[in-house]
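K.L.:
would you be able to build a 3D model of this:
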Amino acid sequence: MGRGGAPSPGLSEGVVKKIMLSYLYVGIWIFLSFTVIVYNKYILDRKMYNWPYPISLTLIHMAFSSTIAVVLVRVLRLVEPPTSPPMTRELYISSVIPIGALYSFSLWFSNSAYIYLSVSFIQMLKALMPVAVYSIGILFKKETFKSSSMANMLSISLGVAIAAYGEARFDVWGVSLQLAAVAFEATRLVLIQILLTSKGISLNPITSLYYVAPCCFLFLLVPWVIVELPVLRQTSSFHLDFFIFGSNSLCAFALNLAVFLLVGKTSALTMNVAGVVKDWLLIAFSWSVIRDTVTSVNLIGYGIAFLGVAYYNHVKLQGMKAKEAQKKTTQDEDEETGSLLEERDSDGLRKSDSQA
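P.N.:
Numbers count the residues shown, from 1 in each chain. Here you go, the predicted structure:
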């Protein structure tokens, strides 16, 4: 206690607990995201497990996630689907199916890139996500064009271009696949805001997988039958390792839960900042353990992109603070107006009583 019985300026136990829990959520998400990325690389890379079938791997993930989600929602009824507004057939066709299609292509191309590119370089290319989200947001009129924001996007793009220039294992096809995955994922994120969030529909990870995973499975089934099934039939010596693919699918499913936990208990901005930390850890892991070549030009380019992403997150944080301050000001004004109206009503009541 301070002088005069005032509380000491130290943090309260509740605040400390909240901070520690936030760090725990961040740690869980980083660990699972890290594990899924490295695990997928291990399975798909020809020099490691040597199972270069990204569509098949994604199909296994979607089948696993669909099964778990259906059991939890339909059989055990531990999770309730949204009811206000309800998920109608029309809403599913107009909103969920486009999002599911984009998600399936994003996962397919992203997993395909692991066959051709190093883990470190893929993480550097993923730094373009804010650029893609901002550009597509402008296209769909969800973002306002600002010269300062565009300059920031150009700095991120320049950094990634320098990193690509210094890449020792540059592969045009692999880069094209990863850039396509970024474009599909960015479009999906924007459409979630337009098609679901704007309509007041909020999905947790279980209900998201319950609606989206079967849709993804069906969208991936067609290219799988055309592209990978004929090749798999020829490799009759291969037998599905249930431990490898089961544990891999379980990690992917747990990552979806961790995303919801992190965003729900902290914020999407926290996940973005944690993602930057995860990228540096993956680059270090890729260089030290997997023995991928990371050049000085790679690091300089990614360093420039990293500063651009950090500034992007800073601007987002300031915007969130400004919105919160404006919301608080509006609430205070509403409360003050309500108090004045109550005071005026009570004054009028007293006058009418005195006149009576």
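K.L.:
after the helix or strand hosting S157, next one along is what?
P.N.:
Using DSSP states H and E, S157 sits in helix 147-165. As assigned by DSSP H and E, the chain's next helix or strand after helix 147-165 is helix 172-191.
K.L.:
quick revisit: who are the packing partners of the helix holding S157?
P.N.:
Helices and strands touching helix 147-165, as assessed by 3 or more CB pairs under 8 Å, 6 or more residues apart in numbering; DSSP states H and E, comprise helix 119-125, helix 129-139, helix 296-355. To be clear about C-beta, it is placed using only N, CA and C from the backbone, and glycine gets the same treatment.
K.L.:
pick out the residue nearest the middle of this protein.
P.N.:
For the chain, V259 is the residue whose C-alpha lies nearest the centre (CA atoms, centre = their mean; 6.9 Å).
K.L.:
and that residue, how far is that from S110?
P.N.:
Here V259 is placed at a distance of 15 Å from S110 (CB to CB, to the nearest Å).
K.L.:
and if you look at P86?
P.N.:
P86 is 32 Å from S110, by CB to CB.
K.L.:
equivalent analysis for S147, please.
P.N.:
S147 sits 31 Å away from S110, going by CB to CB.
K.L.:
cool, and L24?
P.N.:
According to CB to CB, L24 stands 27 Å off from S110.
K.L.:
these two: which is more packed in?
P.N.:
Neighbours per residue, other CB atoms under 10 Å: of L24 and S110, the larger number sits with S110, 22 against 13.
K.L.:
excluding chain neighbours, what is closest to that one?
P.N.:
Counting by CB to CB, 6 or more residues apart in numbering, S110 lies nearest to A181, which is 3.8 Å off, once chain neighbours are set aside.
K.L.:
got a pLDDT number for the one you found?
P.N.:
On pLDDT, A181 comes in at 97.
K.L.:
tell me the contacts of it?
P.N.:
Contacts for A181 (CB atoms under 8 Å, 6 or more residues apart in numbering) come out as 105-110, 113.
K.L.:
let's see that with 6 Å instead.
P.N.:
The contact partners of A181, by CB atoms under 6 Å, 6 or more residues apart in numbering, come to 106, 109-110.
K.L.:
could you do S104 as well?
P.N.:
Contact analysis of S104 by CB under 6 Å, 6+ apart lists 216, 219-220.
K.L.:
distance to L59, secondary structure and neighbour count for those - can I get that in JSON lines?
P.N.:
What follows is these, written out as JSON lines (distance: CB to CB, whole Å; DSSP: H, G, I helix; E, B strand; the rest coil; neighbours: other CB atoms under 10 Å):
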{"residue": "C216", "distance to L59": "9", "secondary structure": "helix", "neighbour count": "27"}
{"residue": "F219", "distance to L59": "10", "secondary structure": "helix", "neighbour count": "19"}
{"residue": "L220", "distance to L59": "5", "secondary structure": "helix", "neighbour count": "26"}
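K.L.:
TSV for these, including distance to A325 and pLDDT?
P.N.:
Formatted as TSV, those follow (distance: CB to CB, whole Å; pLDDT from 0 to 100):
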residue	distance to A325	pLDDT
C216	40	95
F219	43	96
L220	45	96
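K.L.:
hang on, the earlier thing: pull the helix holding S157 out as CSV, backbone CA atoms only.
P.N.:
Listed next in CSV are the C-alpha coordinates belonging to helix 147-165 (Å, rounded to 0.1, in the frame of the first residue of the first chain):
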residue,chain,number,x,y,z
SER,A,147,-0.5,7.0,-50.2
SER,A,148,1.2,6.3,-46.8
SER,A,149,-0.2,2.7,-46.7
MET,A,150,0.8,2.1,-50.3
ALA,A,151,4.3,3.3,-49.6
ASN,A,152,4.4,0.8,-46.7
MET,A,153,3.2,-2.0,-49.0
LEU,A,154,5.8,-1.1,-51.5
SER,A,155,8.6,-1.3,-48.9
ILE,A,156,7.4,-4.8,-47.9
SER,A,157,7.3,-5.9,-51.5
LEU,A,158,10.8,-4.5,-52.1
GLY,A,159,12.2,-6.4,-49.1
VAL,A,160,10.6,-9.7,-50.3
ALA,A,161,12.0,-9.0,-53.8
ILE,A,162,15.5,-8.5,-52.4
ALA,A,163,15.1,-11.7,-50.3
ALA,A,164,14.0,-13.6,-53.5
TYR,A,165,17.0,-12.2,-55.4
